[in-house]
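In: Okay, sequence plus prediction incoming.
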Amino acid sequence: MGQAHPTPLYDKHVALGAKMVEFAGFVMPLQYTGILDEHVTARETAGIFDLSHMGEIYVSGKGAPAALNRVVTNDVEKLRPEKALYTPMCTPKGGIVDDLLVYRDADEKFLLVVNASNIAKDAEWLRKHLPAAVEVENESLETALIAVQGPQSEAIVGEALGEELSEIEYYEFGFYVLDGVPVRVSRTGYTGEDGFEVYVAAERAGEVWDALYDLTYGVGGVPVGLGARDTLRLEMKYCLYGNDIDETTTPLEAGLGWTVKFDKGDFYGKKPLEKQKQKGITRALSGFVMIDPGVPRPGCGIIDVDGNDLGSVTSGSYSPSLRENIGLGYLARPHDDVGTEILVDIRKKPRLARVVETPFLKLLGGN
Amino acid sequence: MYPEELKYSESHEWARVEDNVVAVGLTHHAQSELGDMVYLELPPEGTEVTAGGEFGVVESVKAASDLYAPLSGKIVEVNQGAADDPALVNRDCYGEGWLVKIELKDPSELENLKTAAEYQEFIGA
């Protein structure tokens, strides 16, 4: 597996019989019992995930709120302490450098949680685009992240902490002690289910995993690997960086317009994005369901029924919840209109699909 | 996990000889590597196949994989049950999860396939 990093929980995954794969420079569990079982159990009961590959970068110091607000598109100055938000970070041209969570720990201290594949790029980007007075600390390798998602997650995490968590709202967080280990716990996730994400120092991750795993197992939950993480997020049309969004796509094209706050001060990408909004986007990240058999995969071409090129598939899979084959792709407008029939090229054969409303699944946290 | 009475190809299909007809399926190793099966694209009965040539596709949640004919001949039966419920390939890859039956054109091709022991060595099992 080359120079890839094992996460602090590597031994746990191997002991659980996980199939391990390299992903974004980390050795990660792809699946344990199987993607379908893990997916369905996370939706119906609970799933526990090792997300320690994700990056944690602290941004702090005098002027940090205003400076960070110039770097991301959402409004972090309006964010109250103990709240988090989702935001793209854009290039001056409006392309997406990364999509991330921003936690406000204090007036002038933030935690940015970034994609594993972008940790080094983001840290460099932040150091370059934030003033010298604002400190950027990359704590990614020192920090583990464990998520518990699904209907039983509040009971599991609440019992592990010995706390009543019903008061914590979606995208709120707090600092707690779990079996003597300090943790950050937020009501966030990438599944569309109710759920929590637990951040812990890498050297104490095993203790926290064991406690949460035992409680998850006790209610019939399962560990969930990257395979089901991808099908869970896809059903919600949550974007995957590198597939659905990158520096060649804008938040407006990706359907993330709600995270771009034109009414705040200046920020990287503001002018081109404003212009794109005024003129109207020419393509939109759209969801489709296959009518013909076949699973759409990233890179499959998409044409209209007259054979004109519309775009390509950015994400696609069998949907375990819907039991249909679903996908995302940028479609030239107005072919993104719900109900439009399109053809997806799967193994050199155009196959009929229909543009549908997203998220594919109607759950909490749908955009 | 690799029945002695079967023959195996390097592309991870197994073949069970029943007179002049050979049942073909995916090995335990292949179904385990691919994971949960969700779609089988199998040829119509009557299709002529050649040893080593593609004859269909299996799709799991995470990937599509071509199927290669272990032997030359004519497809005389397709497992509709597995096409309707691809999970059979995971649950019972040597039994109910068989894929097609091929009427053999040249029985001497069987000698090109591996024994169970040779196949296990090949996959490093």
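Out: Alright, I've got the coordinates.
In: okay, CA-based contacts and neighbour counts for the rest of this
Out: Fine.
In: Compute the distance between the residue lying farthest from the centre of chain A and A:Pro296, please.
Out: Distance from the centre of chain A peaks at A:Asp306, with 35.2 Å (Cα atoms, centre = their mean). Distance from A:Asp306 to A:Pro296, counting by Cα to Cα, to the nearest Å: 20 Å.
In: I'd like the average pLDDT over stretch A:258-266.
Out: For stretch A:258-266, mean pLDDT is 97.
In: With stretch A:179-187 instead?
Out: pLDDT averaged over stretch A:179-187 gives 98.
In: Sort out which residues of that stretch are buried, please.
Out: With burial defined by 16 or more other Cα atoms under 10 Å in any protein chain shown, the residues of stretch A:179-187 counted as buried are A:Val183, A:Arg184, A:Val185, A:Ser186, A:Arg187.
In: Tell me how many other residues surround the residue in chain A that chain B sits nearest to.
Out: When scored by Cα to the nearest Cα, chain A has A:Tyr318 as its residue closest to chain B, at 5.6 Å. Neighbour count for A:Tyr318, taken as other Cα atoms under 10 Å in any protein chain shown: 29.
In: And for the one 3 residues further on?
Out: Using other Cα under 10 Å as the criterion, A:Ser321 is surrounded by 15 other residues.
In: what's the answer for A:Gly192, then?
Out: By the measure other Cα under 10 Å, the count of residues near A:Gly192 is 24.
In: With A:Glu82 instead?
Out: Neighbours of A:Glu82 using other Cα under 10 Å come to 16.
In: now A:His129, nearest residue through space, not along the chain?
Out: Nearest non-adjacent residue to A:His129, counting by Cα to Cα, 6 or more residues apart in numbering or on different chains: A:Val71, 7.1 Å away.
In: So the one you found sits against A:Pro92, correct?
Out: No. With contacts counted by Cα atoms under 8 Å, A:Val71 stays clear of A:Pro92, the gap being 9.4 Å.
In: what is in contact with these two at once?
Out: A:Tyr268 (Cα atoms under 8 Å, 6 or more residues apart in numbering or on different chains).
In: quick one: contacts for the residue of chain B found nearest chain A?
Out: Nearest residue of chain B to chain A: B:Val61, at 5.6 Å (Cα to the nearest Cα). Residues near B:Val61 by Cα under 8 Å, 6+ apart: A:Ile35, A:Leu36, A:Ser317, A:Tyr318, B:Gly35, B:Asp36, B:Met37, B:Val38.
In: so of the residues you listed, which ones are in strands?
Out: Per DSSP state E, strands hold the following members of these: A:Ser317, A:Tyr318, B:Met37, B:Val38.
In: Just read off the phi/psi values of the residue nearest to A:His129.
Out: The phi and psi torsions at A:Val71 (degrees, to the nearest 10) take the values phi -100, psi -30.
In: quick one: it from A:Leu363, how far?
Out: Counting by Cα to Cα, the gap from A:Val71 to A:Leu363 is 30 Å.
In: Between the two, which is the more surrounded one?
Out: A:Val71 (21 against 14).
In: Please read off the pLDDT at the residue nearest the centre of chain B from the model.
Out: Centroid-nearest residue in chain B: B:Gly25, 2.5 Å away (criterion: Cα atoms, centre = their mean). Predicted confidence (pLDDT) for B:Gly25: 98.
In: Double-check it against B:Ser9; I have them as touching.
Out: No. Using Cα under 8 Å, B:Gly25 is not in contact with B:Ser9, being 10.5 Å away.
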